[in-house]
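Trainee: Next input, structure requested:
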Amino acid sequence: MNIETIRAFLEVASAGSFQQAAANLHITQSAMSARIKSLEQLLNRPLFNRKRNGATLTAGGHAFYKHAQTVVRTWELARQETALSSDMNAMVGLGVQLNHWKSTAAPWLQWMKHNAPDVATQIKSDYSDRLMTMLRNGLINVAVLVEPQRSPDIVIEEFAREKLVLVSTVPRRAQATPVEGYVFVDWGTRFREAHTLAFPDNPMHQITVGLAAVGLNHILEQGGSGYFLESEVTKLIDDGSLHRVSDAQEFSVATYLAYFAEARESISVQTALQGLQAIH
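Mentor: Numbers count the residues shown, from 1 in each chain. Here you go, the predicted structure:
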C-alpha cells in the first residue's frame, strides 16, 4: 500500500467516477483502475460498486474511507513537519479560489507574518473543486471556496460576502441591451442566475472568462466593461482608469471556509482561521 493508491481511492469516492477521478489527478483511467484494484486486493474486499454511470462505495469502502483520510493527512503532516527549519514550530496550508487570491491571500500572509512568525505558511490557488481535493488529500489545511462541495466530515462556514460592481473604461449609464466590449466574468452559479434575471435581453456574451484577472486586463488594454470585486477596482476608479457604471445593479459573491472538524484542535489551524477572520 502506498500513499498515492489511497489518494486515488479518496478521489474516486469524492468524484463518484473513475474517469473523473483520473482526470482530477492527471492520470489515465487505466492507471486509476489499477491503483484501486491493487488496494482492493490488499484489503481483500471490493471498495466500489462499479456501474456505467459511476462508482459508489461498498460497505467495505465506507469503513475504509475515514481511515484513508487519516492516513493521507497524517502522512502530509509528517512530511511537512520533517521539512520545517529549526526556527519554525509548525506549518499551515491555505488554499484560495483563484478569483479571490488578491483580496484574501496577501492580507492573510501579512497577518500571519506579524502574528505567527514561527508558523510556516504555504498557499495554493486553484478552482474550488481542486481545492477540495487538496483538502481531502491533506495538501492544505483550510480552503477559501466558492460554492463548496458538502461533506459530512468537513466544516463549511461562510467566510466573506464581497460586492461586485459594474465598471467601464468609459463613463456610461447602465442599459438592458448588449453593450459592445462587455466581458462576462463567471463568478459562479448564483451570479449567473442573478445576472440573467437582471439582464434578460442579454443572455449570450461575446467574451466570457473564468478568471477575473484575465477579464480585467482585457478591458484595461482593449476597452470595455464588466463586473469585478469592488475591493480590486477601487484604486483603478480613483485614478480614472475605470468608471463605475451609473445606475448599474450590484451583486455579491460569497466565499466559504472549509476545513476538517478535527483540524480545529491544531494550534496552527486555529491561528490560520483567526487570521482569516481578522482580515474580513
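
Trainee: give me the number of residues near the closest residue to Arg173 other than its chain neighbours?
Mentor: Nearest residue to Arg173 in three dimensions, chain neighbours excluded: Ser246, at 4.5 Å (C-beta to C-beta, 6 or more residues apart in numbering). Just so you know, the C-beta spots here come from the backbone N, C-alpha and C atoms, and that holds for glycine as well. For Ser246, the count of nearby residues is 11 (other C-beta atoms under 10 Å).

Trainee: Repeat that for Leu139.
Mentor: When neighbours are defined as other C-beta under 10 Å, Leu139 has 18 of them.

Trainee: Now do it, the pLDDT please.
Mentor: pLDDT, Leu139: 85.

Trainee: Neighbouring strands - and their directions - for the strand or helix carrying Glu158?
Mentor: Here Glu158, judged by DSSP states H and E, is contained in strand 154-168. Sheet pairing of strand 154-168 (DSSP bridges) gives strand 225-229 (antiparallel), strand 243-244 (antiparallel), strand 251-260 (antiparallel).

Trainee: of all those, which lies closest to Leu109?
Mentor: strand 251-260 (16.5 Å; C-beta to C-beta).

Trainee: what residues does the helix or strand following that closest one touch?
Mentor: Note on strand 251-260: by DSSP H and E, the next helix or strand toward the C-terminus is helix 267-278. Outside of helix 267-278, the residues within contact range by C-beta atoms under 8 Å, 6 or more residues apart in numbering are 90-92, 94, 104, 108, 111-112, 115-116, 119, 141-142, 144, 159, 257, 259, 263-264.

Trainee: Out of the strands paired with strand 154-168, which is the most enclosed?
Mentor: Of these, the one with the most neighbours on average (mean count of other C-beta atoms under 10 Å) is strand 225-229, at a mean of 24.

Trainee: Report the rounded mean pLDDT for it.
Mentor: Mean per-residue pLDDT for strand 225-229: 97.

Trainee: and the next element down the chain from that strand?
Mentor: Taking DSSP H and E, what comes next after strand 225-229 is helix 230-238.

Trainee: who does that following helix touch, helix- and strand-wise?
Mentor: helix 101-115, strand 154-168, helix 212-222 (3 or more C-beta pairs under 8 Å, 6 or more residues apart in numbering; DSSP states H and E).

Trainee: what's the domain layout of this structure?
Mentor: Using automatic domain parsing, the domain parsing of the chain gives 3-78, 86-159+255-278, 162-254.

Trainee: where's Gln20 relative to Met134, distance?
Mentor: Per C-beta to C-beta, to the nearest Å, Gln20 is found 16 Å from Met134.

Trainee: related to what we said a few turns ago, out of the strands paired with strand 154-168, which is closest to Leu10?
Mentor: Nearest to Leu10, of those and by C-beta to C-beta, is strand 251-260 at 12.7 Å.

Trainee: chain center to the closest one, what's the gap?
Mentor: 9 Å (C-alpha atoms, centre = their mean, to the nearest Å).

Trainee: what angle separates it from helix 212-222?
Mentor: Inter-element angle recorded for strand 251-260 and helix 212-222: 150 degrees (by axes from the mean of the first three to the mean of the last three C-alpha atoms, to 10 degrees).

Trainee: Okay, now the unreliable bits of the stretch 151-280 of the chain?
Mentor: Residues of the stretch 151-280 of the chain that meet the criterion pLDDT under 70 lie in 203.
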